[in-house]
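Asks: the following comprises the amino acid sequence and a computationally predicted model.
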Amino acid sequence: RTLRTALLLSTPEQPPQVILVTSAQPQEGKTSTAMNLAVSLAQRGGDILLLDGDLRMPRIARALEIDWPYGLSNILTGTHPAEQVIFQSPEVPNLYVLPSGPTPPNPAELLGSESMARLLLALRSRFAHIIIDSPPILTITDGTLLSVLADGTVLVARGSVTTRESLRHATNLLSKVGAKILGVLLNGVVMVPFVMSVL
């Protein structure tokens, strides 16, 4: 909820509608962050779309225990329309899910295509917010391609795992393509209470 509030107040004109959630490296918590953010926004009201933008190693369907063979790649290759692929979560009201679909031979080309840009434009008119779970920035170019289509990017870092060098490198890559970085979310940190006594 704290992240939701911070994002809704992050831009002065209006809250970002399309939010990319990514990280520098794998296993830093971006998928769980994207899922929790989407659920939190759905609980606030308005239709929310959770989109799995990782066409190489998708995790949304598995994390939600969804057995659904279709997804984003089907839409981008023209085999299925969006209305046949997007489905509503049976457990969370207002939450819709678009899995990644079958792994295509050319993920970067699809994500950077005009079809992807047109799809997001159409989805903007349907959903209050779109949360995109993206591949890590430093391993492949897919996340960078998606960042330019989003209103803002949340960069996820994990305590004692993410290095300053990798975080700095990821930030530089996003900045070079003109992506708007909304902030860095640090997770995996145990907050230890600090008590100061006066002797």
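Replies: Happy to help now that I have it.
Asks: low-confidence ranges in this protein?
Replies: Applying pLDDT under 70 to the chain flags the ranges 12, 190-199.
Asks: which residue ranges of it form strands?
Replies: Ranges of strands in the chain, per DSSP state E, are 18-23, 48-52, 87-88, 95-98, 129-133, 152-158, 181-187.
Asks: for Ile181, see how far away Leu110 is.
Replies: Distance from Leu110 to Ile181, counting by CB to CB, to the nearest Å: 24 Å. Every C-beta, even on glycine, is put in place using the N, C-alpha and C of the backbone.
Asks: sorry, back to before: so which of the strands of the chain is nearest Thr144?
Replies: strand 18-23 (8.8 Å; CB to CB).
Asks: give me the sheet partners of the closest one and which way each runs.
Replies: Sheet pairing of strand 18-23 (DSSP bridges) gives strand 129-133 (parallel), strand 152-158 (parallel).
Asks: one step back: nearest to Leu3, out of the strands of the chain?
Replies: Smallest distance to Leu3 across the strands of the chain (CB to CB): 6.4 Å, for strand 181-187.
Asks: which helices and strands does the helix ranked longest in the chain pack with?
Replies: Criterion DSSP state H: the longest helix present in the chain is helix 30-44. Packing partners of helix 30-44 (3 or more CB pairs under 8 Å, 6 or more residues apart in numbering; DSSP states H and E): helix 2-8, strand 18-23, strand 48-52, helix 60-63, strand 95-98, strand 129-133, strand 152-158.
Asks: could you dump those to TSV with distance to Leu123?
Replies: Output for those, formatted as TSV (distance: least, CB to CB, whole Å):
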stretch	distance to Leu123
helix 2-8	18
strand 18-23	8
strand 48-52	6
helix 60-63	16
strand 95-98	8
strand 129-133	6
strand 152-158	16
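Asks: reformat those as JSON lines; add mean neighbour count and distance to Thr31.
Replies: Formatted as JSON lines, the helices and strands packed on helix 30-44 follow (neighbours: other CB atoms under 10 Å; distance: least, CB to CB, whole Å):
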{"stretch": "helix 2-8", "mean neighbour count": "15", "distance to Thr31": "14"}
{"stretch": "strand 18-23", "mean neighbour count": "28", "distance to Thr31": "8"}
{"stretch": "strand 48-52", "mean neighbour count": "26", "distance to Thr31": "8"}
{"stretch": "helix 60-63", "mean neighbour count": "17", "distance to Thr31": "6"}
{"stretch": "strand 95-98", "mean neighbour count": "22", "distance to Thr31": "13"}
{"stretch": "strand 129-133", "mean neighbour count": "26", "distance to Thr31": "5"}
{"stretch": "strand 152-158", "mean neighbour count": "24", "distance to Thr31": "9"}
